[in-house]
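J.: Got a sequence here, can you model it:
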Amino acid sequence: MNIILPAGYTEDKKYPVLYLFHGGMGDENDWLSGGIVNTIGNMISWEEAAEMILVLPNCRCRENDAANPSDGLAPEHVQSFDRFLTDFEDNLMPYMEQNYSIATGRENTAIAGFSMGGRTALNIGFHLYEKIKYIGAFTPAYGIFEYENMGLHEDGLFNEETFTLPDEYKNNTFLMMNKGNQDNMVNDEPVRYHEALLKNGVPHAYYTMDGGHDWPLWRNGFYNFARYIFQ
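T.: Next up, the predicted model:
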């Protein structure tokens, strides 16, 4: 993983943490290539965002966790992202709390990702709602619900009825999703997620903008998400 500390980091202070998850063919370096280190540094300097630590892990839980695997559309590959839920809770979060000056508690914990990382953020956020208050999913991938696409079929991590939060957390969780109007990779899956959340009474921010399945959408999502978390 890569860990981005705010300027002037000191163990005399406690910092909230934003965990950022990469796309299906990427690794822990994906978000670095998107330029978000400069973005968050400027936002904090301009007081558009709270001081925070960014953690960019490799969230592909399989023996070969390298980027650009040859079986990128195989069930073993896509489902390795789902197994990261356990790794995140049992290993990554405790490691950060033991080794960095972390402000603990759900109000100090955020997760976000793009594409498969968006699917991962939704999966983790909707399972670990007692530990995570902020969830960002930028052009989230197929797999939250049952689907068939590009020769791949999955039963889905949730269905339209179970994709919800307990009532006590619905109004105490910040969830943001976006979608590109010309996105031909995830197509209308984010719309399905948005409509299910509406039906289930889960408050969330959802917006579309011109663009595809690419960095302009993901950087925009990161910027808007970072403006609202830990405030």
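
J.: So what touches the longest helix along the chain?
T.: Assignment by DSSP state H gives helix 215-228 as the longest helix of the chain. Helix 215-228 has contacts (Cβ atoms under 8 Å, 6 or more residues apart in numbering) with 18, 20, 34-36, 39-40, 43, 48-49, 52, 110, 112, 114, 134, 136, 138-139, 174, 176, 178-180, 183, 205, 209, 211. C-beta coordinates here come from the backbone N, C-alpha and C atoms, glycine included.

J.: Following the helix or strand of the chain with the lowest mean pLDDT in sequence, what is the next regular element?
T.: Least confident element among the helices and strands of the chain, by mean pLDDT, DSSP states H and E: helix 75-82 (a mean of 92). Next helix or strand after helix 75-82 toward the C-terminus (DSSP states H and E): helix 84-87.

J.: and the one residue sitting closest to the centre of the chain, what element?
T.: When Cα atoms, centre = their mean is applied to the chain, the residue found nearest the centroid is Ala112 (2.2 Å). In the assignment (DSSP H and E), Ala112 maps to strand 109-114.

J.: just the helices in the protein please.
T.: Under DSSP H, the chain gives helices at 30-33, 36-45, 75-82, 84-87, 93-99, 116-127, 167-170, 189-199, 215-228.

J.: can you put those in a markdown table and add distance to Met150?
T.: Shown next, in a markdown table, are those (distance: least, Cβ to Cβ, whole Å):
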| stretch | distance to Met150 |
| --- | --- |
| helix 30-33 | 20 |
| helix 36-45 | 28 |
| helix 75-82 | 10 |
| helix 84-87 | 22 |
| helix 93-99 | 33 |
| helix 116-127 | 13 |
| helix 167-170 | 33 |
| helix 189-199 | 12 |
| helix 215-228 | 20 |
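
J.: report the angle between the axes of the longest helix of the chain and helix 116-127?
T.: Relative orientation of helix 215-228 versus helix 116-127 (axes from the mean of the first three to the mean of the last three Cα atoms, to 10 degrees): 30 degrees.

J.: If you count neighbours, what's buried in helix 215-228?
T.: Across helix 215-228, burial judged by 16 or more other Cβ atoms under 10 Å covers Trp215, Leu217, Trp218, Arg219, Asn220, Gly221, Phe222, Tyr223, Phe225, Ala226.

J.: Nearest to Leu5 among those residues?
T.: If you rank the buried residues of helix 215-228 by distance to Leu5 using Cβ to Cβ, Ala226 comes first, at 15.4 Å.

J.: shouldn't the residue nearest to the centre of the chain be in contact with Pro140?
T.: No. Ala112 is beyond contact range of Pro140, at 10.3 Å (criterion: Cβ atoms under 8 Å).

J.: now the residue nearest to Gly117 when sequence neighbours are not counted, which residues is it bridged with?
T.: Of all residues not flanking Gly117 in the chain, Phe21 sits nearest, at 3.2 Å (Cβ to Cβ, 6 or more residues apart in numbering). Beta-bridge partners recorded for Phe21 (DSSP bridges): Gly113.

J.: Looking at stretch 148-160 now, give me its mean pLDDT.
T.: The average pLDDT within stretch 148-160 is 94.

J.: Start the count at 49 instead of 1 going forward.
T.: Renumbered: residue one is now 49, and that last one reads stretch 196-208.

J.: for it, which positions count as buried?
T.: By 16+ other Cβ under 10 Å, the buried positions in stretch 196-208 come out as Glu202, Leu205, Phe206, Glu208.

J.: That one: end-to-end distance?
T.: 16 Å (Cα to Cα, to the nearest Å).

J.: what residues does that stretch touch?
T.: 121-123, 126-127, 130, 167, 170-171, 174, 190-195, 235, 240, 244, 247-248.
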